[in-house]
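**Q** this one's structure only:
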RNA sequence: CAGGUCGGUUGGGCAGUCGCGGUUCCGCAUUGUCGGGAUCGAGGAAAGUCCGCACUCCAUGGAGCACGGCGUCGGAUAGCAACCGGGGCGGGGAUAGCGUCGAGAGGCGUGAACCUGCCGGACAAGGGCCACAGAAACAAACAGCCCCGCAUCCGAAAGGAUGCCGGGGUCAUGGUGAAAAGGUGGUGUAAGAGACCACCGGCGUUUGCAGUAAUGCAGGCGGCCAGGUAACCCCCGCCGGGAGCAAGGCCAAGCAGGGGCGAAAUCGUCUUCGGACGAUGGGAGACUGCUCGUCUCCGCAUAGCCCCGGGUAGGCUGCAACGAGCAACGCGGUGACGCGUUGCCCAGAGAGAUGACUGCACAGAUGGAUCGCUCGAAAGGGUGUCCAUUGGACAGAAUGCGGCUUAUAGACCGGCCUGAGGG
RNA sequence: GCCCCCAUCGUCUAGUGGCCCAGGACGAAGCCCUCUCAAGGCUUAAACCGGGAUUCGAAUUCCCGUGGGGGCA
């Protein structure tokens, strides 16, 4: 996932967490907020201390970024998303993460019509 | 070969596809959050932050005190208390092994490699503490033993016995305790005691030998014996200014022009009579606890590099390297480490890059085949081959280095000690 | 990333190296009281974060680790 699709500013994270809508899954939590000023989708990835050590946190974030990658070009633009890793994600495979993320994106009605 | 023990190396390989970050080059009807190429991209602990440095800031890093740290000897280093090699005293190794006694069980003596803890001073001086128990915790007499006196009794006397009696000697014996003025044997004595003697143990001192030294071994002499605790205060010696890359520098933006602290003047010279300069004294601040010393500012209502409050959470730099640099080889050293030659330029993010999938081999583990070799009477064991399943730990750089500590599946290599057999 | 601090029953805490197999309060359990509950009374259980060192003796002193908490642009 290239940097231009990433959410990085601290204030952006705070805004999305405060007023965005959240969707939960045992592996991952999705927080979404519409943002007209942004040209494309921006995604932030987070893993708290409860996820594990530095190795586990990095792996969880990599899995989420890799699972999100195919959706970046097709998703409706103007959305800021945050993906929060849960402890069970450490033992999940890439396929598990993909299906969990697909499930969440559909529930948030972010997928284009032909994919859903 | 068996058993024990210690150290070192490694920390997964190859290929393909997709993806991420840095550097650099090229391209463009599209100069961008563009496209393409080349190249580089985690560790031995990157971790804990326990020590030590580099570097930066505190104007300079000055003296003394306070405070803190360290403390056997020698070495290594830019530096370190922690690293390396020795020494001493403990604990383990040790139900090893060896010797000896024994029918045996086992007893006694001695006990390697190696691991591990501690290390100035308690005789240079001083203070404190040592609960409970115990008579007494650094000096002491509870019981006991012994002597003398007195009283009573027995006795003709000599003398003997007894004592809620008195005075003294003594620590051998008893009990307490973690610890009670060396141990054994003798001499000695009223009873005893290093009071004296022999041997042993310990301390001090001295000579010789070995060693750079700590120290060890052997001998002589001496008082004959001095409790423990300094990871309690303390004394002696040595070392240390403080903070830390969120240090620090630059730019942009933003909030403000808020509150607190706050002194004392005197004299001289010049004067255009407003004042200026100098000296003494004072105040604020810096040197991060105090004093001195040094420096900056102020001068009668304000200065201040002071304190509080308020604001910013963006970018560039520090910061990605010619360095206490890395690799290979050689030499010196037991080793920490040093020297030389050659080659190399080797991660640099910023919500934080090194991953995913597939295939192929390879260590290893488990199960099976009962096929081969081998040990065995057998049960069974060892090893090879084939098949299946499984399968690679701990863990992620954030200014950089040296050491330590902690976590770590396995694989490979080597040293030392003890024992057995063979040459 | 860097720098500090803390750890004692379930919770909050006290505790000069020995008087501590660690005291108190709340809570818990049992009993008494009451027609029942509450209150009250009595009783009981329950802890020094782990390991090593110093010491005759460690919750306390020293070292190493573990787990929490806080501050710094």
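**A** Done, it's in. Computed from a predicted structure; not experimentally measured. Numbers count the residues shown, from 1 in each chain, chains lettered A, B, ... in the order given.
**Q** tally of neighbours for residue A:10?
**A** For residue A:10, the neighbour count with other CB atoms under 10 Å is 7. C-betas here are computed from N, CA, C, even on glycine.
**Q** now swap in residue A:42 and tell me
**A** Counted by other CB under 10 Å, the residues lying close to residue A:42 total 22.
**Q** I'd guessed it sits against residue A:80; true?
**A** Yes: when contacts are counted by CB atoms under 8 Å, residue A:42 is listed as touching residue A:80 (5.1 Å).
**Q** need the contact list for residue A:105.
**A** Residue A:105 makes contact with A:30, A:71, A:75, A:111, according to CB atoms under 8 Å, 6 or more residues apart in numbering.
**Q** in which helix or strand would I find the last one?
**A** For residue A:111, there is no helix or strand it lies in under DSSP states H and E.
**Q** check the gap between it and RNA strand B for me.
**A** Taking CB to the nearest atom of the strand, to the nearest Å as the measure, residue A:111 falls 20 Å from RNA strand B.
**Q** check which helices and strands the helix or strand of chain A with the lowest mean pLDDT is in contact with.
**A** One helix or strand of chain A scores below all others by mean pLDDT, DSSP states H and E: helix A:10-19, with a mean of 79. Secondary-structure packing of helix A:10-19 (3 or more CB pairs under 8 Å, 6 or more residues apart in numbering; DSSP states H and E): strand A:28-34, strand A:42-47, strand A:79-85.
**Q** quick one: the first one to helix A:10-19, angle?
**A** Spelled out, that is strand A:28-34. 100 degrees (axes from the mean of the first three to the mean of the last three CA atoms, to 10 degrees).
**Q** who wins for most neighbours among the contacts of residue A:105?
**A** The residue in those with the most neighbours, by other CB under 10 Å, is residue A:30 (24 neighbours).
**Q** OK, contacts around it?
**A** Here residue A:30 is in contact with A:22, A:23, A:81, A:82, A:83, A:84, A:101, A:104, A:105, A:108 (CB under 8 Å, 6+ apart).
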